[in-house]
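Peer 1: Predicted model and sequence below, questions to follow.
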Amino acid sequence: MPLFAPSQLPAKCDLIAARDNLAFFDSQSITLPRPITALDGWNLQMARALPLMALASRIRDAISARFGVKRIGGFSGQRATAVQPGDHLDFFLVERSEPEVLTLTERDRHLDVMTCLTTTDGRLAITSSVITHNWFGQAYMLPVAPAHRLIVRLMLRRLAQDLAVQPAG
């Protein structure tokens, strides 16, 4: 599966802060066999959660809550037909919603996370950026960063397979 090199940033992509100020940055993409919106990309991925994601979310919540981090509760799999800034998709706040861009954030006292889905130039990209506010945010990202990269890679691989066999519609 072709991925963006870490130095590339998809067109129209939002970041939580200037690139030089990020504690974490990851951008991965797939080629789309047909046009879809950014929200379609979200819905298709959330409709079929990766195995063990619910367990991983519960473990994350149990550990992190002891340090004042908000519980995220995982992903519901509920389909959204339309969203606008101020709405929520699971635990994420919708910051931007356009046909080609869906920008989601989660902020707390330890770190700010932004995930931006873009569907431009025949590709769907998931770009995540994080700034940390303290030692706990930095420590939290040590195991989360590699796990996040792997999870996104697996989700995109599954989405590419699903799109290859699903009729447009």
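Peer 2: Received it, and whenever you're ready, just let me know what you need. Numbering: from 1, shown residues only.
Peer 1: where in the protein is pLDDT low?
Peer 2: 1-7, 50-58, 60-61, 67-69, 71-77, 166-169 (pLDDT under 70).
Peer 1: so where do the strands sit in it?
Peer 2: Assigned by DSSP state E, the strands in the chain fall at 24-31, 88-89, 92-98, 101-107, 111-120, 123-132.
Peer 1: List the pairing partners of the fourth one within its sheet, with orientation.
Peer 2: Counting by DSSP bridges, the strands paired with strand 101-107 are strand 92-98 (antiparallel), strand 111-120 (antiparallel).
Peer 1: Just the residues contacting stretch 89-103, thanks.
Peer 2: 12-14, 37-39, 41-42, 46, 70, 72-76, 78, 80, 82-88, 104-107, 114-120 (CB atoms under 8 Å, 6 or more residues apart in numbering). The C-beta positions use only the backbone N, C-alpha and C, and glycine is treated the same way.
Peer 1: now the end-to-end length of that stretch.
Peer 2: End-to-end span of stretch 89-103 (CA to CA, to the nearest Å): 11 Å.
Peer 1: Which parts of that stretch count as buried, going by neighbours?
Peer 2: Across stretch 89-103, burial judged by 16 or more other CB atoms under 10 Å covers 89-92, 94-97, 100-103.
Peer 1: Pull out the buried positions in stretch 108-127.
Peer 2: Counting neighbours by 16+ other CB under 10 Å, stretch 108-127 gives 110-120, 124-127 as buried.
Peer 1: on that earlier part again, ok, of the contacts of stretch 89-103, which come out buried?
Peer 2: Buried, going by 16+ other CB under 10 Å: 12-14, 37-39, 41-42, 46, 72, 74-75, 80, 83, 104-106, 114-120, out of these.
Peer 1: and the closest residue in space to Asn134 that isn't next to it in sequence, how far is that from Trp135?
Peer 2: Nearest in space to Asn134, with sequence neighbours left out and distances taken as CB to CB, 6 or more residues apart in numbering, is His110 at 5.9 Å. Using CB to CB, to the nearest Å, we find His110 at a distance of 9 Å from Trp135.
Peer 1: to the chain's geometric centre, what's the distance from stretch 80-88?
Peer 2: Centroid separation for stretch 80-88 versus its chain: 15 Å, with CA atoms, centre = their mean, to the nearest Å.
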